[in-house]
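Asker: quick one, what's the 3D model for this:
(one chain, ligands or ions: 1)
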Amino acid sequence: MTVKRTQRKNLLNQSLNDQSSDLYWYNEASKAMRSKDVNDPTSWGWWAAVHQYASNVSQNQYWTSTDVNGERWVTNLDNMDQSGNAQWWAHCPHGDPKFLPWHRAYILAFENALLQVISTLPNAPAQWAMPFWDYTTSGAEGFSLPPAFKVNNNSLYFLNRFLPFSAEQYYSATVTSTVDENFEQYRFAIEGMPHNVVHTGLRGAMRSILTAGLDPIFYTHHCQIDRLWAIWSSISTTTTTYNSDGYFKWLYVEDGIVKAKDAKIALNDCMSTTDIPVTDLSDNLLDTLSYDYETAPFEQQFINSVLTQRTMKAPMASVSSIKGRLPMPEIKTDALEQLIFASSTRQVKVSNSSEQVALKSLEQKSLANTLALTREVSKPEQIHSLTIHIDGVVTDGDSGNYLVILDELDEGSANVQNRWQIGYVSFFGSTVEDGKTALTGGKPMSVRLAVPHEHADQICGQCMNNKRLAVSLVPEYEGADYGVASIEKIVLELKTQK
Ligand SMILES: [Cu+2]
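Answerer: Model prediction:
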């Protein structure tokens, strides 16, 4: 029999004991896939490897890990046929525009494989879909790991997760604050938060791209990321003009056989979940696919709040409060984006202790000049966004989360006069394995963190007179084993809008 794809639902509302729930069959399918040979494209290990895998799998604690019954998650690991399968493996792009479309297609292909596996199980349901993990729901239960994943009596359990995990501190107004931004700005925002920080905040296998695909929570996390992207697409005010295309191997399973083709996904065409046009696929497989998400209560509330903000021309903070202090230079430029501060040190290394990085005011493009534009126009100029860029990041081991703090220092740069907590970052996906091969295509990655609007106004106001700023990266878990991350530059970017 064939199991048909249905609407994707929130796993928080589902019970493992309920045979009509998608979560029940996710557990059953993962159990069945675990017992299959890693070289079988309907096995758990095969799909984990499509994302990424460690070069020394047989020594890796997660690739060799066992479940509650002592059975390996990856069967026949020692005979992992890299020559035959490697062409489909290790393709995940991070810190890259392809991040969103690639993972969308990956989850869709994984969902296909599960539909295939579920159809072979006794009493299989007529329809099924990948459930999503919505950690944005308020309330302790909503922010934490769903109950079914916490207990060691089913196939959804995985070792070394950080069980006090709560997404509450990670989830900010990231999604709402980027509604009117373009695709690439949005990609930066969502990849950092909540994507990266949920990965590294949960720790265990989820902490590294080399092992993340082994943990069953991983696919529900990416289903949620895809859902947030779908929500953003549906309410975004921007017309995306990002023209680069993403190329990757498109995989699907048909009659137990994996089929793959070189696929080209045009980012501009990927903004809808109901129709993903993929060119260069002669059978037009994806054109016939259609999937959607159930409307969660949060979603309606979320959309309402965004729509309200849009009619108010928000989300933007006003700088009218600091206008009176501005000088009156003759500036006719219409500049909207300005790099206003940058780190002056050549390279910064952070690991598991706090690091403070001094920022230098960029005199040529000073904040005063930018804000002076407000005198030239009839309508007050507004701060659209203030963003911290952390560029050129390479890590030599698993990343962890850092709390990012912006400090205003006194004259001698010794004491902190003002302090703002900006949010969390992690450098998930920037790992260099064996000290030489960067698995993200060899290039260092960039992360960006938006300064909450209520802080941005204040920070810009304060910095007018005092230009001594510093960014501190504070490890979320003191003393934990963080790899060393080397950072090329930290930049503060201000975007203003009339
Ligand atoms: Cu991920």
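
Asker: and the end-to-end length of stretch 165-183?
Answerer: End-to-end distance for stretch 165-183, by Cα to Cα, to the nearest Å: 30 Å.

Asker: my bad, should have said stretch 92-106
Answerer: Per Cα to Cα, stretch 92-106 runs 9 Å from first to last residue.

Asker: tell me the mean pLDDT for it?
Answerer: Mean pLDDT, stretch 92-106: 79.

Asker: the domain parsing of the chain - what is it?
Answerer: The chain breaks down into these domains under automatic domain parsing: 4-299, 316-497.

Asker: can the ones you listed go into a markdown table with extra columns for mean neighbour count?
Answerer: Quick note: C-beta positions are derived from backbone N, CA and C, even for glycine. As requested, those are exported to a markdown table (neighbours: other Cβ atoms under 10 Å):
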| stretch | mean neighbour count |
| --- | --- |
| domain 4-299 | 19 |
| domain 316-497 | 17 |
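
Asker: mean pLDDT for these: which is lowest?
Answerer: domain 316-497 (a mean of 72).

Asker: so S119 sits right up against T2, yeah?
Answerer: Yes. With contacts counted by Cβ atoms under 8 Å, S119 reaches T2, the gap being 5.8 Å.

Asker: which residues do these two both contact?
Answerer: Common contacts of S119 and T2, defined by Cβ atoms under 8 Å, 6 or more residues apart in numbering, are absent altogether.

Asker: could you look up the SS state of E493?
Answerer: Under DSSP: H, G, I helix; E, B strand; the rest coil, E493 falls in the strand class.

Asker: so which strand or helix has the closest residue to L469 other than its chain neighbours?
Answerer: Nearest non-adjacent residue to L469, counting by Cβ to Cβ, 6 or more residues apart in numbering: L359, 4.4 Å away. In this structure, L359 is located in strand 355-361 according to DSSP states H and E.

Asker: partner strands of that strand and their direction?
Answerer: Sheet pairing for strand 355-361, assigned by DSSP bridges, gives strand 337-343 (antiparallel), strand 469-475 (antiparallel).

Asker: ranges for the strands of the stretch 51-200 of the chain?
Answerer: Here the stretch 51-200 of the chain has its strands, by DSSP state E, counting those that start in this stretch, at 127-128.

Asker: who are the packing partners of the longest strand anywhere in the chain?
Answerer: Ranked by residue count and defined by DSSP state E, the top strand of the chain is strand 382-395. With contacts defined as 3 or more Cβ pairs under 8 Å, 6 or more residues apart in numbering; DSSP states H and E, strand 382-395 has these neighbours: strand 317-318, strand 445-450, helix 453-463, strand 485-487, strand 489-497.

Asker: what's the angle between that strand and strand 337-343?
Answerer: Going by axes from the mean of the first three to the mean of the last three Cα atoms, to 10 degrees, strand 382-395 is angled at 50 degrees with respect to strand 337-343.

Asker: going toward the C-terminus from strand 382-395, what's the next helix or strand?
Answerer: Following strand 382-395 toward the C-terminus (DSSP H and E): strand 402-409.

Asker: still on that earlier bit, out of the helices and strands packed on strand 382-395, which comes closest to L228?
Answerer: strand 445-450 (15.0 Å; Cβ to Cβ).

Asker: what's next to that closest one, contact-wise?
Answerer: Contacts for strand 445-450 (Cβ under 8 Å, 6+ apart): 94-95, 174, 177-178, 185, 188-189, 191-193, 196, 385-394, 404, 422-423, 425-427, 429-430.

Asker: and T2, how close does it get to R468?
Answerer: Computed as Cβ to Cβ, to the nearest Å, the T2 to R468 distance reads 65 Å.

Asker: in which helix or strand does the closest residue in space to R104 that isn't next to it in sequence reside?
Answerer: Excluding its sequence neighbours, the residue lying closest to R104 (Cβ to Cβ, 6+ apart) is D226, at 5.1 Å. If you go by DSSP H and E, D226 is part of helix 217-235.

Asker: mind giving me the packing neighbours of that helix?
Answerer: Under the contact criterion of 3+ Cβ pairs under 8 Å, 6+ apart, helix 217-235 touches helix 99-118, helix 174-177, helix 183-190, helix 197-202, helix 297-311.

Asker: got the CA positions of that helix in CSV?
Answerer: The C-alpha coordinates for helix 217-235 follow below in CSV (Å, rounded to 0.1, in the frame of the first residue of the first chain):
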residue,chain,number,x,y,z
ILE,A,217,14.9,15.7,16.8
PHE,A,218,17.0,17.1,14.0
TYR,A,219,14.5,16.5,11.2
THR,A,220,11.7,18.0,13.3
HIS,A,221,13.9,21.0,13.9
HIS,A,222,14.5,21.5,10.2
CYS,A,223,10.8,21.0,9.5
GLN,A,224,10.2,24.0,11.9
ILE,A,225,12.9,26.1,10.2
ASP,A,226,11.2,25.3,6.8
ARG,A,227,7.8,26.3,8.3
LEU,A,228,9.2,29.6,9.7
TRP,A,229,10.5,30.3,6.2
ALA,A,230,7.2,29.5,4.7
ILE,A,231,5.4,31.9,7.2
TRP,A,232,8.0,34.6,6.4
SER,A,233,7.5,34.1,2.7
SER,A,234,3.7,34.4,3.0
ILE,A,235,3.9,37.7,4.8
